[in-house]
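Participant: build the 3D model from these lines:
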Amino acid sequence: MHSPQVCICMVIILGIVRTCGSEPMPHLTFGPPNVVLDETGSRQLPSWKLGGKAKIHRDFIRLTPERLSTYGFIWSIHNIQAQQISFVAKVRISGRSNTYGDSMAIWITNHGDHILGDLYGFTPHFIGTGIILTQLKDDAEANIHRLSVHISNGEDKIQRVRTEISGCDVIARGAEQRADWTFRNSTLIKVSVSSEYLVVSIDPTNKGEWVPCTNIALVHQGTHYMPLGWLPRSYIGFSATTSRAHSDNHDIIALKTFNWEQEAEYVPTFQPTDKNGLSPTQRLYHDFSHRLVGFKDDFRQT
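Facilitator: I've put the predicted structure just below:
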């Protein structure tokens with residue numbers, strides 16, 4: 001494993017030696033403020049497409065509002081173009097109801113666009129992996145707070161694709177009705193993936209407290225489970241769904257992706273929320289902006 005601080009690339013042509021991987025991959029990295037506008041004045045996310053109910057705001061992308069029976073997604077326009085990557089996604093799941101759900105997903109897949117289906121809102125016919133963060137509670141017995149991983153090599157039977165390969169229990173949903181809830185509540189998910197492994201860690205409340213979730217070997221006795229070259233050809237997507245009975249706000253705040261092989265705990269990440277350095281005035285402004293988005297969502301629903 002390389003040093004946590006630097007990864008050295010040897011470029012034989014012209015005898016150049018350079019450091020690599022210390023800067024995020026531009027086409028797979030974004031974060032606030034989202035200030036790029038199109039000709040109509042709508043906010044845009046360069047190198048990404050969006051659909052469903054997804055909407056880009058200044059400080060986050062809302063995949064779904066707290067509304068029943070809806071979905072939203074953002075999807076990278078360009079494929080990964082690297083043999084191994086490590087990334088950290090900053091997300092937020094929140095709502096005002098005491099019963100809530102359902103799921104937010106990170107997809108690394110051969111599909112260059114979101115395809116609506118019944119696997120957490122995505123098609124089960126894909127090559128790659130889905131990392132699913134489910135926060136669900138209802139008036140009955142359902143009480144699910146879990147991060148689960150699904151993998152498909154394109155030849156697996158549908159039932160196997162639908163079955164969780166590995167995962168961990170995690171409480172990552174914020175209750176907006178609580179007095180101590182603020183817009184700064186968020187969750188960090190770290191993923192390192194290559195043709196040989198998939199490693200996932202999570203910081204449920206963005207406090208710098210990382211919990212290893214899963215470490216999956218994609219090679220067994222020299223045999224690769226996934227097709228040759230699947231990762232460079234794949235795309236990264238985020239999606240979220242709500243059901244006829246449960247809903248939540250599902251937000252993507254930021255993403256940093258690096259084209260180097262590194263253990264997840266060494267991936268450069270975001271500052272914990274209790275060290276973000278915002279002034280009281282800035283905190284008040286951002287909190288008001290977040291709540292205003294919620295009010296607008298409610299207005300559109302009526």
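Participant: quick one: buried residues of stretch 50-67?
Facilitator: Residues of stretch 50-67 classed as buried: 50, 52-57, 59-66 (neighbour count, 16 or more other Cβ atoms under 10 Å). Yep, even glycine has a C-beta here, placed from its N, CA and C like the rest.
Participant: quick one: which two of those are the most distant?
Facilitator: Farthest apart among the buried residues of stretch 50-67 by Cβ to Cβ are 52 and 59. That separation is 20.1 Å.
Participant: where does the stretch 151-300 of the chain dip in pLDDT?
Facilitator: For the stretch 151-300 of the chain, the stretches flagged by pLDDT under 70 are 179-181, 261-300.
Participant: go again using 90 as the cut-off
Facilitator: In the predicted model, the stretch 151-300 of the chain carries pLDDT under 90 at residues 172-185, 207-208, 220-222, 243-247, 259-300.
Participant: please enumerate the strands of it.
Facilitator: Using DSSP state E, counting those that start in this stretch, the strands found in the stretch 151-300 of the chain span residues 166-169, 173-175, 187-193, 197-203, 211-217, 219-220, 223-224, 235-241, 249-258.
Participant: now render the ones you listed as a markdown table, adding distance to residue 88 and mean neighbour count.
Facilitator: Shown next, in a markdown table, are those (distance: least, Cβ to Cβ, whole Å; neighbours: other Cβ atoms under 10 Å):
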| stretch | distance to residue 88 | mean neighbour count |
| --- | --- | --- |
| strand 166-169 | 17 | 15 |
| strand 173-175 | 19 | 20 |
| strand 187-193 | 5 | 24 |
| strand 197-203 | 9 | 21 |
| strand 211-217 | 13 | 15 |
| strand 219-220 | 24 | 10 |
| strand 223-224 | 26 | 10 |
| strand 235-241 | 12 | 25 |
| strand 249-258 | 5 | 24 |
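Participant: so which of those strands gets nearest residue 136?
Facilitator: Among the strands of the stretch 151-300 of the chain, the nearest to residue 136 by Cβ to Cβ is strand 173-175 (9.0 Å).
Participant: distance from the closest one to the middle of the chain?
Facilitator: 17 Å (Cα atoms, centre = their mean, to the nearest Å).
Participant: please apply the same query to stretch 105-125.
Facilitator: The chain centroid and the centroid of stretch 105-125 are separated by 13 Å under Cα atoms, centre = their mean.
Participant: and for stretch 226-246?
Facilitator: Taking Cα atoms, centre = their mean, one finds the center of stretch 226-246 at 10 Å from the center of the full chain.
Participant: CA atoms of that stretch as PDB?
Facilitator: The C-alpha trace of stretch 226-246 is given here as PDB (Å, rounded to 0.1, in the frame of the first residue of the first chain):
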ATOM      1  CA  MET A 226     -16.200  -8.800 -12.500                       C
ATOM      2  CA  PRO A 227     -15.600  -8.500 -16.300                       C
ATOM      3  CA  LEU A 228     -12.200  -7.400 -17.400                       C
ATOM      4  CA  GLY A 229     -12.000  -3.600 -17.600                       C
ATOM      5  CA  TRP A 230     -15.400  -2.900 -16.000                       C
ATOM      6  CA  LEU A 231     -14.400   0.000 -13.800                       C
ATOM      7  CA  PRO A 232     -12.800   2.400 -16.300                       C
ATOM      8  CA  ARG A 233     -15.900   2.000 -18.500                       C
ATOM      9  CA  SER A 234     -18.300   2.600 -15.700                       C
ATOM     10  CA  TYR A 235     -20.200   5.700 -14.600                       C
ATOM     11  CA  ILE A 236     -21.000   7.100 -11.100                       C
ATOM     12  CA  GLY A 237     -24.600   7.900 -10.300                       C
ATOM     13  CA  PHE A 238     -26.700   8.900  -7.300                       C
ATOM     14  CA  SER A 239     -30.400   8.200  -7.000                       C
ATOM     15  CA  ALA A 240     -33.100   8.300  -4.300                       C
ATOM     16  CA  THR A 241     -36.600   7.000  -4.100                       C
ATOM     17  CA  THR A 242     -39.600   7.500  -1.800                       C
ATOM     18  CA  SER A 243     -42.600   5.200  -1.600                       C
ATOM     19  CA  ARG A 244     -46.400   5.500  -1.400                       C
ATOM     20  CA  ALA A 245     -46.100   5.400   2.400                       C
ATOM     21  CA  HIS A 246     -42.800   7.000   3.300                       C
END
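Participant: just list whatever residues bridge to the nearest residue to residue 212 once chain neighbours are set aside.
Facilitator: If the residues on either side of it in the chain are set aside, residue 212 comes closest to residue 201, at 5.2 Å by Cβ to Cβ, 6 or more residues apart in numbering. Residue 201 forms beta bridges with residue 190, residue 212, as assigned by DSSP bridges.
Participant: next one: residue 95
Facilitator: Beta bridges link residue 95 to residue 175 when assigned by DSSP bridges.
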